[in-house]
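Asks: got a predicted structure here, sequence first:
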Amino acid sequence: MTHELPPSASAAPAGPDAVFQDYLAQGEFRIQQCGSCARHLFYPRVLCPHCGGTQLSWRQASGKGTVYACSVVMGKPGTDSDYAVVLVDLEEGARMMSHVIGCDQHAVKIGMPLRARIMERDGKPLVVFEPANGGMP
Ligand SMILES: [Zn+2]
């Protein structure tokens with residue numbers, strides 16, 4: 001009879017990024033809020049970049065945001081695989097990098113309202129954004 005370690009025994013301890021991924025896997029988009037200065041943070045961290053606070057809690061994000069900056073990355077010629085890389089200002093005040101789906105990538109403009117969606121890519125949950133108005137101009 002062999003003795004095998006449970007799979008979790010070899011896993012790295014869950015850092016804030018892993019916690020973020022775990023929430024996504026449950027269909028929840030959560031970002032951290034600092035208990036000292038009340039600002040919201042993204043990317044997941046162990047320290048508040050604003051005040052150095054360590055009392056970070058996970059809050060459900062509204063999913064609302066606007067485009068702060070965008071650039072379209074060209075896919076392979078002849079395919080419809082161009083995609084927009086955007087910096088999104090979340091309603092909560094944090095800023096995150098993501099992709100926009102569900103509209104013409106060249107129509108993505110600074111200030112455009114977006115809403116978050118969780119999708120799966122390569123077996124991993126991922127936050128992407130789509131136009132809040134359904135892609136209508
Ligand atoms: Zn803080």
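Replies: Now that the structure is in, tell me what you want to look at.
Asks: now do the helices in the chain.
Replies: Using DSSP state H, the helices of the chain run over residues 16-25.
Asks: any regions of it where pLDDT drops low?
Replies: Along the chain, segments meeting pLDDT under 70 span 1-13, 80, 134-137.
Asks: what's the distance between Pro125 and the ion?
Replies: With distances defined as Cβ to the ion, to the nearest Å, the gap from Pro125 to the ion amounts to 27 Å. All C-beta atoms are positioned from the backbone trio N, CA, C, and that covers glycine.
Asks: how many neighbours does that residue have?
Replies: If you count neighbours by other Cβ atoms under 10 Å, Pro125 ends up with 18.
Asks: so it touches Arg30, yeah?
Replies: No. With contact defined as Cβ atoms under 8 Å, Pro125 does not reach Arg30; the gap is 11.9 Å.
Asks: who's the nearest residue to Leu41 once chain neighbours are set aside bridged to?
Replies: Leaving aside its sequence neighbours, Leu41 sits nearest to Gln32 (Cβ to Cβ, 6 or more residues apart in numbering; 4.5 Å). Assessed by DSSP bridges, Gln32 has beta-bridge partners Leu41, Trp58.
Asks: show me the contacts for Gln32.
Replies: Taking Cβ atoms under 8 Å, 6 or more residues apart in numbering as the contact definition, Gln32 lies against Pro16, His40, Leu41, Phe42, Pro44, Arg45, Leu56, Ser57, Trp58, Arg59.
Asks: check Glu91 too.
Replies: Counting by Cβ under 8 Å, 6+ apart, Glu91 has contacts Ala61, Ser62, Lys64, Gly65.
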